[in-house]
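Undergrad: Sequence and predicted structure, then a few things I'm wondering about:
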Amino acid sequence: MQTPPHREAASASPLLEARGVTLAFGGVRALSDVGFAVQPGTITAVIGPNGAGKTSLFNTISGFYRPAQGSIVFKGQDITRVPAPRRAKMGLGRSFQNIALFRGMTVLDNIKLGRHAHLKTNVLDALLYVGRARREEALLRREVEERIIDFLEIDHIRHAPVSALSYGLQKRVEMARALAMQPEILMLDEPVAGMNREETEDMARFILDVRAEWGVTVLMVEHDMGMVMDLSDHVVVLNFGQVIASGTPAQVQANPEVARAYLGSGDVQSLRAKLRAAATGRAEAA
């Protein structure tokens, strides 16, 4: 995999911001005063040890949880109280840590469901399948097959039931469904979790390509630190629900607090060695 140049996007207007987000379940705080910004056209990664609050943060951004304090701002608009379906329609598309596909449906039908929020067909048109419903269905099918399915190289399985697919292919189908939402920000929750090295390389390539070819901003949660450092422009590190570091991959790797969170000590050299070993393993597999 070719490593892209790391950079911080120079933009005065972030596409997405978390501002002082605090989330509590009963007396337990999952997030405490979390703040960061996602610049347009970048790949931003949120990392941290197990239980750091990463998925809770994702669920708050996408509207499944409402913070006790703070706000989520998308394209300059406070969307903290906007329901999850409306956020998807506004341009926040996401995949899930645990695959959330309809296993009895085909790949094509699962992907088409991602566009549901944007369809203008009313109930009567849909039931009769005439006029606008038929035209929208034809346009949707053509775009999904000619653009998304070709892009993710899953043409050979488009009519297969999801239940018959390998885990890696199911993760790719879930990414396809998120792309069908026409997102401005593609939120990927552990996109390579459980994948082998070849599947991880493929997914990393697709993430880079969706940013480069489609102009989609990417926000991801991922445990594969090596992949994160290779792909990301900006990295946010959570630990116990708090941001302990934020910056370029190089800056994060040099932060003793990050090393302490992952290794139990502030030895940044050991952290860098661990990341180099991971990168070498992927290169050999490729």
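TA: Received, thanks.
Undergrad: which ones are touching the residue lying closest to Ser232 once chain neighbours are set aside?
TA: Taking Cβ to Cβ, 6 or more residues apart in numbering as the measure, Ser232 lies nearest to Ala45, with 4.3 Å between them; neighbours along the chain are not counted. The C-beta positions use only the backbone N, C-alpha and C, and glycine is treated the same way. For Ala45, the contact set (Cβ atoms under 8 Å, 6 or more residues apart in numbering) comprises Leu219, Met220, Val221, Glu222, Val228, Leu231, Ser232, His234, Val235, Val236.
Undergrad: Partner strands of the helix or strand encompassing the first one, with direction?
TA: Meaning Leu219. Leu219 is part of strand 217-221 when elements are defined by DSSP states H and E. Looking at strand 217-221 with DSSP bridges, its partner strands are strand 43-47 (parallel), strand 185-189 (parallel).
Undergrad: Quickly compare the ones you listed and say which is most buried.
TA: Burial among these, expressed as mean neighbours by mean count of other Cβ atoms under 10 Å, is greatest for strand 43-47, which shows a mean of 26.
Undergrad: Quick one: mean pLDDT for that strand?
TA: Within the predicted structure, the mean pLDDT of strand 43-47 is 96.
Undergrad: Just the strands from this structure, written as ranges.
TA: Shown for the chain, the strands assigned by DSSP state E span residues 16-25, 28-38, 43-47, 69-74, 77-78, 92-94, 185-189, 217-221, 234-239, 242-247.
Undergrad: how about TSV for those, with distance to Gly266 added?
TA: TSV is the format used below for these (distance: least, Cβ to Cβ, whole Å):
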stretch	distance to Gly266
strand 16-25	26
strand 28-38	22
strand 43-47	17
strand 69-74	29
strand 77-78	38
strand 92-94	34
strand 185-189	29
strand 217-221	24
strand 234-239	13
strand 242-247	12
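Undergrad: returning to what we had before: could I get the strands paired with strand 217-221 as TSV with distance to Leu113?
TA: Output for the strands paired with strand 217-221, formatted as TSV (distance: least, Cβ to Cβ, whole Å):
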stretch	distance to Leu113
strand 43-47	26
strand 185-189	16
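Undergrad: Nearest to Leu275, out of those?
TA: strand 43-47 (11.4 Å; Cβ to Cβ).
Undergrad: quick check: angle from that closest one to strand 242-247?
TA: For strand 43-47 against strand 242-247, the angle between stretch directions is 140 degrees (axes from the mean of the first three to the mean of the last three Cα atoms, to 10 degrees).
Undergrad: Begin at 10, not 1, for the rest of this chat.
TA: Okay, residue one is now 10; in that scheme the one you just asked about reads as strand 52-56.
Undergrad: And the lowest mean pLDDT element among the helices and strands of the protein?
TA: Confidence across the helices and strands of the chain bottoms out at helix 132-137, with a mean of 45, counting by mean pLDDT, DSSP states H and E.
Undergrad: Okay, helices next: where are they in the stretch 110-259 of the chain?
TA: With DSSP state H, counting those that start in this stretch as the criterion, the stretch 110-259 of the chain has helices at 116-122, 132-137, 141-152, 159-160, 176-189, 206-223, 234-240, 258-262.
Undergrad: Domain ranges for this protein, per the record?
TA: Residue ranges for the domains of the chain, per automatic domain parsing: 22-100+192-257, 110-190.
Undergrad: Tabulate these (CSV), appending distance to Asn264.
TA: Output for the domains of the chain, formatted as CSV (distance: least, Cβ to Cβ, whole Å):
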stretch, distance to Asn264
domain 22-100+192-257, 4
domain 110-190, 30
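Undergrad: Now the weakest link among those domains, please, by mean pLDDT.
TA: Among those, domain 110-190 carries the lowest mean pLDDT (a mean of 77).
Undergrad: rewinding a little: among the strands of the chain, which comes closest to Glu154?
TA: Among those, strand 101-103 comes nearest to Glu154, with 18.7 Å by Cβ to Cβ.
Undergrad: Show residues contacting the closest one.
TA: With contact meaning Cβ under 8 Å, 6+ apart, strand 101-103 is reached by 67, 70-72, 83, 97, 123, 187-188, 190-198.
Undergrad: Relative to it, what are the paired strands and their orientations?
TA: As assigned by DSSP bridges, strand 101-103 forms pairs with strand 194-198 (parallel).
Undergrad: that older thread, distance from the strand holding Leu228 to the middle of the chain?
TA: Strand 226-230 has its C-alpha centroid displaced from the chain centroid by 4 Å (Cα atoms, centre = their mean, to the nearest Å).
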